[in-house]
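In: I would like to see how this sequence folds:
(chains A and B)
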Amino acid sequence: MSLLAVSDVITGYGPTIVNRGVSLTLEKGEIVTILGPNGAGKSTLLKAIAGLIKPRAGNIAFDGADVTGLAADVMARRGVVLVPEGRKIFVDMTVEENLRLGAYARRDEAAVEADFETMLSFFPILAAKRRDRGGSLSGGQQQMLAIARGLMTRPRVLLLDEPSLGLSPLLVKEIKAIILGIGERFGASVLLVEQNAGLALAVASRGYLMQNGRIVVSGPIAELRDMSLMRELYLGGVAG
Amino acid sequence: MQQVSIAVDIFIQQILNGLSIASVITLIAIGVTLIFGLTGIINFAHGEFLMIGGIVTWLAVSAGLGFALAVVLAILAVGLMGYVLERGLFRFTLERPTNGFIVSLGLIVVLQHVVVLFWNPNQKSIPRPLTTVWEVGGVRIASVRVMVILITIAVVALSFRMITASRYGRALRASVEDRDTAALMGIPVRRYITGVFVLGSALAGLGGALLIALFPITPFTGGTMVMKGFAVALIGGLGNIYGAVAAGLILGIVEGFSAGYGFSQWTDAYSFVLMILVLIVRPHGLFGGTSGPRMAS
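Out: Model prediction:
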């Protein structure tokens, strides 16, 4: 049984259909990526899994239980947490307050403190900026904070939406190391949505290729990397 | 010499008068600004919440209860009313805050006329709960005004402490800043919305109780008070609770001056002139506000 199983999910906004029947799975300990061009419906799918929007149809199961249509705060408490596109840092709050908000629903105070210290050592830049406003951080620092804040919830599934967006190649390398470390350091499985195929292919073990709201190809990363179809559909479309 | 000391007397008294009325307005403005910040709903019926707080106080005092107990009853009654109205009406308008605004306009009429129906449209007053007038170096200070100011300071200080220092306050600020992302942290934003309606209403109930301690009220008192509450919330920056308090203080001083120096018939206009000037120069208010909640995109 998969840790997370999405079956035939249809999503949309108003009259627009975004996902047209998407199915995918995520196993414990895996890093899986969803690739695809802009507007393919990747972010919308993550929002549906995280509970920010309700699927129109289909089924989402987490840890064997049906969680379709549960609200985002309930999903977060259960252990499925989205690090949203564009970081969505609380800009008027300090770095420390942002991190502590991640632990809002937790009652294991001692473990929260331990996790807090872990974040500061895992992300040294956050330790240095602990008392600074979230809004004063650079894009890369905000991304680190967003990931650390997500990890403070102690997720079992971390949904990462475009973590490399707008970051320099050097920072993308750092993010890559962080994503690879999430599994072993924090025991979370990762579902990664990326436009930066280089990053996605480097960290994930399996991948799905989404186009026009549907999964068109799926398989182990090595296969996806070689596929000419993928090159045509996706890699070719990315500048650089 | 005599001239100067009289001027100082008037000055201090007017500031005190201005601040006591501004206290009541600040209590409304906090509720208005919190509810808007979290839901985007502009609740124009908030003035009627205040008026009902005054009516409850009047009923309790008329029934022979002490003023302190009457204040507690007003807070509880209006807090409960806020809970019922949020659960029964406003929560259905969360996706479209404009509908909430229109609902609040309807509520104004309903609440006013329910009060008129049961307790007639006449002016209502209670005996001053504190009658002492202190004379300090020629300055006459009515203790009831000092009481209103001190109670407001205490309540505002307590609210600030809750909002800055507690886990709930942190979650509330996060929800005001970004409702969706707050939910991603496991924060039950819907429950915070209910909580803010209850808190905002309870503060309006307190404001009404304090207002009737200063002046007589009618079932139609809410209108002017809520307009000033909005002016204060806008001057401070809608959604910004610190801004609301600071703007309340500014308004109190401005109104005190205007009443003390020969333009008292214009007192009510000052808050609006101030609001218009501030909004022309700083469209988001003096201290910066939110543009309301970010909706699920």
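In: Pick out the residue in the stretch 1-150 of chain B sitting closest to chain A.
Out: Per CB to the nearest CB, B:Gly37 is where the stretch 1-150 of chain B lies closest to chain A, at 11.6 Å. All C-beta spots, glycine's among them, are computed from the backbone N, C-alpha and C.
In: Check which helix or strand the residue lying closest to that residue once chain neighbours are set aside maps to.
Out: Spatial nearest neighbour of B:Gly37, chain neighbours left out: B:Gly239 (3.3 Å); criterion: CB to CB, 6 or more residues apart in numbering or on different chains. For B:Gly239, there is no helix or strand it lies in under DSSP states H and E.
In: show me where the chain has helices.
Out: No chain specified, so I'll use chain A. Ranges of helices within chain A are A:42-50, A:72-78, A:95-102, A:109-122, A:124-128, A:139-151, A:169-186, A:197-203, A:221-226, A:228-233, based on DSSP state H.
In: my bad, the chain I had in mind was chain B
Out: For chain B, the helices defined by DSSP H cover B:2-39, B:46-62, B:67-88, B:97-119, B:143-165, B:167-177, B:179-184, B:189-214, B:222-236, B:241-260, B:267-281.
In: could you redo these as JSON lines and give each row mean neighbour count and mean pLDDT?
Out: Output for the helices of chain B, formatted as JSON lines (neighbours: other CB atoms under 10 Å in any protein chain shown; pLDDT from 0 to 100):
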{"stretch": "helix B:2-39", "mean neighbour count": "22", "mean pLDDT": "84"}
{"stretch": "helix B:46-62", "mean neighbour count": "27", "mean pLDDT": "97"}
{"stretch": "helix B:67-88", "mean neighbour count": "19", "mean pLDDT": "97"}
{"stretch": "helix B:97-119", "mean neighbour count": "16", "mean pLDDT": "94"}
{"stretch": "helix B:143-165", "mean neighbour count": "16", "mean pLDDT": "92"}
{"stretch": "helix B:167-177", "mean neighbour count": "21", "mean pLDDT": "91"}
{"stretch": "helix B:179-184", "mean neighbour count": "26", "mean pLDDT": "95"}
{"stretch": "helix B:189-214", "mean neighbour count": "25", "mean pLDDT": "96"}
{"stretch": "helix B:222-236", "mean neighbour count": "26", "mean pLDDT": "90"}
{"stretch": "helix B:241-260", "mean neighbour count": "22", "mean pLDDT": "85"}
{"stretch": "helix B:267-281", "mean neighbour count": "15", "mean pLDDT": "83"}
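In: Report the mean per-residue pLDDT for stretch A:122-133.
Out: For stretch A:122-133, mean pLDDT is 94.
In: May I have that stretch as PDB, with CA atoms only?
Out: Once non-C-alpha atoms are left out, stretch A:122-133 reads as follows in PDB (Å, rounded to 0.1, in the frame of the first residue of the first chain):
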ATOM      1  CA  PHE A 122      20.600  22.400   9.100                       C
ATOM      2  CA  PHE A 123      19.900  25.900   7.700                       C
ATOM      3  CA  PRO A 124      22.700  28.100   9.200                       C
ATOM      4  CA  ILE A 125      21.500  31.200   7.400                       C
ATOM      5  CA  LEU A 126      18.200  31.000   9.300                       C
ATOM      6  CA  ALA A 127      20.200  30.900  12.600                       C
ATOM      7  CA  ALA A 128      22.000  34.000  11.600                       C
ATOM      8  CA  LYS A 129      18.800  35.800  10.600                       C
ATOM      9  CA  ARG A 130      16.600  34.400  13.400                       C
ATOM     10  CA  ARG A 131      15.400  37.800  14.600                       C
ATOM     11  CA  ASP A 132      15.000  39.400  11.200                       C
ATOM     12  CA  ARG A 133      11.600  39.900   9.500                       C
END
